[in-house]
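> All I have is the shape, not the residue letters:
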């Protein structure tokens with residue numbers, strides 16, 4: 001079950017009241033909160049959001065109310081390691097999707113493994 005919380009941040013600017021919204025979604029099965037920030041807020045408040053990112057961890061950026069990207073904090077020292085981990089996760093996700101599609105099309109695990117072996121041998 002997902003619980004959605006909304007925090008409002010009112011800032012008085014020189015001539016107008018600024019209204020900023022940061023959405024938090026929590027999953028009852030997870031300990032951590034995920035922060036959702038509209039892409040417009042990222043454009044308008046990049047420095048503030050980078051500070052939130054440093055404090056909170058990952059942030060989901062939304063476009064038209066739907067997840068569009070994930071921001072994660074990194075440093076110069078761990079950039080290569082983080083990018084490597086992201087690439088590995090993307091590859092695992094691609095294999096998972098391929099296996100799910102194979103099941104829908106009545107292709108066996110052995111067929112999938114054989115196809116992977118063939119591709120690896122040709123590289």
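Happy to help now that I have it. Note that this is a predicted model, so its numbers are computed, not measured. Numbers count the residues shown, from 1 in each chain.
> Could you find the closest non-adjacent residue to residue 56?
residue 35 (5.7 Å; CB to CB, 6 or more residues apart in numbering). (Glycine included, C-beta is placed from N, CA and C.)
> What's the first helix or strand after the strand or helix carrying that neighbour?
In this assignment (DSSP states H and E), residue 35 forms part of strand 33-38. Counting by DSSP H and E, the next helix or strand C-terminal to strand 33-38 is helix 39-44.
> now for that next one, which elements pack on it?
Helix 39-44 sits against strand 17-27, strand 59-63, with contacts defined as 3 or more CB pairs under 8 Å, 6 or more residues apart in numbering; DSSP states H and E.
> and those, which one's lowest on average pLDDT?
The weakest mean pLDDT among the helices and strands packed on helix 39-44 belongs to strand 17-27, with a mean of 43.
> center of this structure - which residue?
In the chain, the C-alpha closest to the average C-alpha coordinate belongs to residue 70, at a distance of 3.0 Å (CA atoms, centre = their mean).
> just the helices in the chain please.
Ranges of helices in the chain, per DSSP state H, are 39-44, 46-56, 79-104, 109-122.
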